[in-house]
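Visitor: Compute the structure for the input listed below.
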Amino acid sequence: MRIQCQGSWLYGIISRPQQPAARGVLIVVGGPQYRAGSHRQFVLLARYLAEQGIAVMRFDFRGMGDSDGEMRTFEDVGQDLSAAINFFTKECMFLKDVVIWGLCDAASAALFYAHQDQRVSGLVLLNPWVRTEQGIAKAYLKHHYSTRLFQPAFWKKLISGKYDPIASIRSLYKMIKSFFIRKKSVAVIGEGANATDHAIPLPARMLKGLQCFEGKSLVITSGDDLTASEFLDLIHSSKDWQITLEDRKVKFFHIQDANHTFSRRQWRHQVAEYTGDWLRSW
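Guide: Here you go, the predicted structure:
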């Protein structure tokens, strides 16, 4: 199938159940991916949900995969999402509402868009991308450097001479410097009342999107992933995030051993089950 979007054609596919429910799922692609997803994750998820009676659509943004147009970032795909939902709801007349499912920066794109479209009733957000220089520096210091000393592989490399301690110290210094410098600059930006959207830090814009969204949300995070660690550190250190998540009654699941894309079958299946069960719960 193909979808008209601002003079370009978007290409995608719909998985239709034989006896569909009134709620469908739009899988949004994150990063340099196309509609199949890493290790065919989106294909398998769509088939799983379709077997549960849930119609699923997945597609390529402009400039990605088979779609026409110029490539764009996750911050500029609102028109693509709108065009996709228009097509999805017209092709599947039985749909009353749509849930957006997104991994990494696709989750961020979903938060930017969802509150603007009343047809969107829910969000499934996996390892949301909240990247800032300060945030990733903190995640590295807390979750990478602090645990590396307890890893046998680290000591084997050190003893064998394959590890460069000087380079590591320089990297650590840059991380610490970045953490404190960016902390000050972010505070200054946050005080600007007339700051444009792109001047405001990404986490603040995402929080605003969640605060404006009146639907339900499910968050799934990985235990072996710096992107997830950065997001979890953010919400654990921010009262505004904590209040909003509690107020919106956001459902959380954490898969401790999983990597960023949930690449193993057991992790992928857990994600599919969590998604399906959550969709049927309301």
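
Visitor: Could you use CA atoms for every contact and neighbour count after this?
Guide: Noted.

Visitor: May I ask you to confirm that residue 66 is in contact with residue 3?
Guide: No - if you go by C-alpha atoms under 8 Å, residue 66 and residue 3 don't touch, sitting 11.6 Å apart.

Visitor: Can you pick out the residue with more neighbours from those two?
Guide: More neighbours surround residue 3 than the other of residue 66 and residue 3, with 21 against 17 (other C-alpha atoms under 10 Å).

Visitor: Could you verify that that one is part of a strand?
Guide: Yes - assessed with DSSP: H, G, I helix; E, B strand; the rest coil, residue 3 lies in a strand.

Visitor: Quick check: bridge partners of it?
Guide: Taking DSSP bridges as the rule, residue 3 bridges to residue 10.

Visitor: List the residues that contact it.
Guide: When contacts are counted by C-alpha atoms under 8 Å, 6 or more residues apart in numbering, residue 3 touches 9-12, 83-84, 87.

Visitor: let's go with 10 Å and repeat that
Guide: With contact set as C-alpha atoms under 10 Å, 6 or more residues apart in numbering, residue 3 has these partners: 9-12, 59-60, 67, 80, 83-88.

Visitor: quick one: it and residue 231, what's the gap?
Guide: 33 Å (C-alpha to C-alpha, to the nearest Å).

Visitor: circling back: what touches both of residue 66 and residue 3?
Guide: 9-12, 59-60.

Visitor: Closest one of these to residue 276?
Guide: residue 59 (20.0 Å; C-alpha to C-alpha).

Visitor: Next one, pLDDT for that closest one please.
Guide: With respect to pLDDT, residue 59 has a value of 97.

Visitor: which strand residues sit across from it in the sheet?
Guide: Residues in beta-bridge contact with residue 59 (DSSP bridges): residue 12.

Visitor: Just confirm it contacts residue 15, I think it does.
Guide: No - applying C-alpha atoms under 10 Å as the test, residue 59 and residue 15 come out as separate, 11.5 Å apart.

Visitor: before we move on, back to that, neighbour count and distance to residue 258 for the contacts of residue 3 - can I get that in TSV?
Guide: Below are the contacts of residue 3 laid out as TSV (neighbours: other C-alpha atoms under 10 Å; distance: C-alpha to C-alpha, whole Å):
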residue	neighbour count	distance to residue 258
9	20	35
10	25	32
11	21	30
12	20	28
59	27	25
60	27	26
67	20	31
80	21	30
83	15	33
84	26	30
85	24	30
86	14	34
87	16	34
88	23	31
